[in-house]
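*Asks:* Here you go, sequence then predicted model.
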Amino acid sequence: MKKIVLTVLVGLIFGGAGGFAVGIFVYPFLFPPPPAMEKVENRAEKTVVATGNFIHANPSDPVHYGQGSLELLKGNAGGNLVHLKPDFKVGPGPRFHIYLADKGKIMNSADFKAAKKIDLGRLRSFEGSQVYLVPKGTDITPVKSVVIWCKEFNVLISPATLKK
């Protein structure tokens, strides 16, 4: 009787953990959120400070990729923002965040971890146009990269080196 109870208990634990893991990895692929279609408000009042293109940093990793362009915009009233353009796309996953980093050419996790960074928040969609506000009072002069990072697994998803 003890063996049966122990077997059922171990099966429930491993089955639950396995189901949870499959859910984390498979759910975003089966049910991705719709593409974002955010627009930059008062576009005429903003100046493009830098542009960049997301890249697939590790081509041997087919899951963690990114593509598309972005703009770093400075507002006349001091409101800075990052605009991921409509061609933006990353492979889906859990807890992706967007960061500003003071290091250019981030190609791996060690490069990202060595940089000073500012978390702009969770990625709202895996594709499409999105706008992220830079916290007020943040000096954007030293920013050299915009990075998509998975906080769940500490993995570099896609970096974009900025061209001023």
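*Replies:* Looks like it arrived, so ask away. Residues are numbered from 1 along each chain as shown.

*Asks:* Give the burial count for residue 71, as a bare number.
*Replies:* Neighbours of residue 71 under the rule other CB atoms under 10 Å: 20. All C-beta spots, glycine's among them, are computed from the backbone N, C-alpha and C.

*Asks:* In contact with it, which residues?
*Replies:* Contacts of residue 71 were listed using CB atoms under 8 Å, 6 or more residues apart in numbering, and they are 48, 50, 51, 82, 83, 85.

*Asks:* Farthest pair within these?
*Replies:* 50 and 85 (13.2 Å; CB to CB).

*Asks:* For these two, work out which one has more neighbours and name it.
*Replies:* Counting neighbours by other CB under 10 Å for residue 50 and for residue 85 shows that residue 50 has the greater number, 20 against 16.

*Asks:* and the more buried one, what are its bridge partners?
*Replies:* With DSSP bridges applied, the residues forming beta bridges to residue 50 are residue 72.

*Asks:* surely it meets residue 145?
*Replies:* No - Residue 50 sits out of contact with residue 145 when judged by CB atoms under 8 Å, with a separation of 9.8 Å.

*Asks:* Pull up the overlap in contacts between these two.
*Replies:* Once CB under 8 Å, 6+ apart is applied, the residues that residue 50 and residue 145 both contact turn out to be residue 162.

*Asks:* Buried residues, stretch 147-164. List them.
*Replies:* Of the residues in stretch 147-164, those buried under the neighbour-count criterion (16 or more other CB atoms under 10 Å) are 147, 148, 149, 150, 155, 156, 157, 158, 159, 160, 161, 162.
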